[in-house]
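[1] generate coordinates for the sequence data below:
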Amino acid sequence: MATADGDGTRTTFTEELKDAVSARAALLIVGVLALTAAFIASYAGAFHSPKPRDVAFAVVAPPQARGQLVAKLDRLRGSPLDARPAGSRAEAVRQLKDREIDGALVADPRGKQDELLVAGGSGSALSDALQKVLTKAEQAEGRTVRTTDVAPTDPQDARGLSSFYLVVGWCVGGYLCAAILAISYGARPTNGRRAVIRLGTLLVYSVLAGLAGALVIGPALGALPGSVVALWGLGALIVFAVGATTFAFQGIAGILGIGLTILVVVIGGNPSAGGAYPYPLLPPFWHAIGPALPPGAGTWAARSIAYFDGRAMAGPLLVLAAWAVLAAVLTLLFAALSVGRGAIDRSEPRQ
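    A predicted model of the protein is given here:
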C-alpha cells in the first residue's frame with residue numbers, strides 16, 4: 001500500500017518503516033531488549049531464593065565441647081554456617097564489630113539456653129536468617145537460644161536498607177551526570193582538554209552530590225546514623241567513580257557506553273550489593289562479584305560508617321578508588337587517541 005507525501009511523492013509502508021526506524025535505531029532497540037532481559041534475570045536470580053551459605057560464624061564454648069559443637073554446626077544441612085572457635089564472648093563481640101564474622105553462638109554449659117550474637121547493622125535479613133538456622137539447630141538438641149544484637153540498626157533505618165538506597169542514589173547521580181554531558185556535547189570528548197573539563201565538572205558535581213546525600217539521609221530524614229562528613233566523602237568517591245566509569249565506557253563505545261554502565265552498575269551491581277540481602281544470602285555468582293563493584297563496595301562502607309565506627313572499610317574504599325582512578329585514566333587516554341580522528345560518529349553532535 002502506498003501513501004502520498006506532502007510533495008505528492010508516493011511511498012510504500014516498507015519504505016516509510018525504513019525511514020522511520022533506521023538500522024542504528026533497530027540495533028539500539030535490540031540492545032535495550034537485551035538489557036531488559038538481563039535486568040530481570042539478574043534481580044530475580046539474586047533475590048528469588050535467598051539462603052545462608054557459609055556464613056562466617058564463631059562458637060564460644062568450654063574447651064571440652066568446643067570442637068564437637070563447631071563440627072556439628074559446620075555440618076548442618078545446606079552448609080549455612082562456616083563455623084570456627086572463639087576464645088570468649090568478648091572476642092566474639094569484637095569480631096562482630098570488626099565485621100570479621102556475621103554471628104556467634106555462646107554456649108551455656110550450666111543451662112539449656114544459649115546466646116546468639118548478631119550485628120543487625122550488617123543487614124536485618126542476615127540476622128533473621130541466622131536466628132532461624134540456630135533456633136532449628138538448638139531445638140534438635142533440646143535447647144533454646146536467645147538473640148543479642150551487638151550492632152543494632154537505628155529505629156529509623158527499616159531493615160537496615162537506608163545505606164543501600166543512599167548508595168544507589170549516588171550511583172544513579174554519577175551515571176546520569178555523565179550521560180547528560182554525552183547527550184549535550186557528544187559521547188566522546190574530541191581532545192584532552194575537553195576530557196579534563198568533563199572530569200573536573202564531574203568532580204565538582206560529585207562533591208555536591210555526596211554532600212546532598214549525606215545531609216538528606218542524616219540530618220534531614222534521620223534515616224542513617226554516623227558521621228555526615230564521612231558519608232559525604234564516601235558519596236563523593238562513589239559518584240565520581242561511577243561517573244568516570246561512564247566516561248570511560250563512552251570512550252570505548254560512544255553513546256552505547258551509557259548502556260554498558262547500566263549493565264555493570266545497575267544490572268550487575270545493585271542486586272549483588274548486599275543491600276536487600278547481605279552477601280552470605282546471595283547465590284555464588286552475585287556473592288562473588290558484589291564486593292568488586294561500586295554499589296557493593298559503597299553499601300559495605302556506608303554500613304561501616306553508620307554502625308561499626310568506620311571499621312573494615314579499607315578494602316571497599318580501595319575498590320572505589322580503583323574504579324575512579326582507572327576510569328579517569330582511560331577517559332584521558334581515549335580522548336588523546338581521538339585527537340586527529342577524521343570524523344566523529346554522525347549520531348553524536350560535535351562539541
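[2] going forward, measure contacts between C-alpha atoms and count neighbours the same way
    OK.
[3] give me the distance between residue 103 and residue 119.
    Taking CA to CA, to the nearest Å as the measure, residue 103 and residue 119 are separated by 7 Å.
[4] meant to ask about residue 239, not that
    Relative to residue 119, and taking CA to CA, residue 239 is found at 28 Å.
[5] before we move on, what about residue 139?
    Distance, residue 139 to residue 119, by CA to CA: 23 Å.
[6] who's more crowded, the two?
    residue 119 (25 against 11; other CA atoms under 10 Å).
[7] in the helix or strand where residue 329 lies, what's buried?
    Following DSSP states H and E, one finds residue 329 within helix 314-338. Neighbour counts over helix 314-338 (16 or more other CA atoms under 10 Å) mark 316-317, 319-321, 323-324, 327-328, 330-336, 338 as buried.
[8] that one - contacts with which helices or strands?
    helix 192-215, helix 228-253, helix 294-307 (3 or more CA pairs under 8 Å, 6 or more residues apart in numbering; DSSP states H and E).
[9] okay if I get those as a markdown table plus distance to residue 172?
    Converted to a markdown table, the helices and strands packed on helix 314-338 look like this (distance: least, CA to CA, whole Å):
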| stretch | distance to residue 172 |
| --- | --- |
| helix 192-215 | 11 |
| helix 228-253 | 8 |
| helix 294-307 | 10 |
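[10] so which of those is nearest residue 64?
    In terms of CA to CA, the element of the helices and strands packed on helix 314-338 nearest to residue 64 is helix 294-307, at 34.9 Å.
[11] dump that closest one to CSV, keeping only the CA atoms.
    Listed next in CSV are the C-alpha coordinates belonging to helix 294-307 (Å, rounded to 0.1, in the frame of the first residue of the first chain):
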residue,chain,number,x,y,z
PRO,A,294,30.8,0.2,43.2
PRO,A,295,27.3,-0.5,44.7
GLY,A,296,28.6,-3.3,46.8
ALA,A,297,31.7,-1.6,48.0
GLY,A,298,29.7,1.6,48.7
THR,A,299,27.0,-0.2,50.7
TRP,A,300,29.5,-2.0,52.8
ALA,A,301,31.4,1.2,53.5
ALA,A,302,28.2,3.1,54.3
ARG,A,303,27.1,0.5,56.8
SER,A,304,30.6,0.5,58.4
ILE,A,305,30.3,4.3,58.9
ALA,A,306,26.8,4.1,60.3
TYR,A,307,27.0,1.1,62.6
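[12] list the contacts of it.
    Helix 294-307 is contacted from outside by 121-122, 151-153, 163-164, 167-168, 171, 224-227, 230-231, 234, 238, 241-242, 265, 269-270, 272-275, 290-291, 310-313, 316-317, 319-320, 323, using CA atoms under 8 Å, 6 or more residues apart in numbering.
[13] centre of the chain to it, how far?
    Relative to the chain's own centre, helix 294-307 is displaced by 9 Å; criterion: CA atoms, centre = their mean, to the nearest Å.
[14] and that helix with helix 228-253, angle?
    On the basis of axes from the mean of the first three to the mean of the last three CA atoms, to 10 degrees, helix 294-307 is oriented at 180 degrees to helix 228-253.
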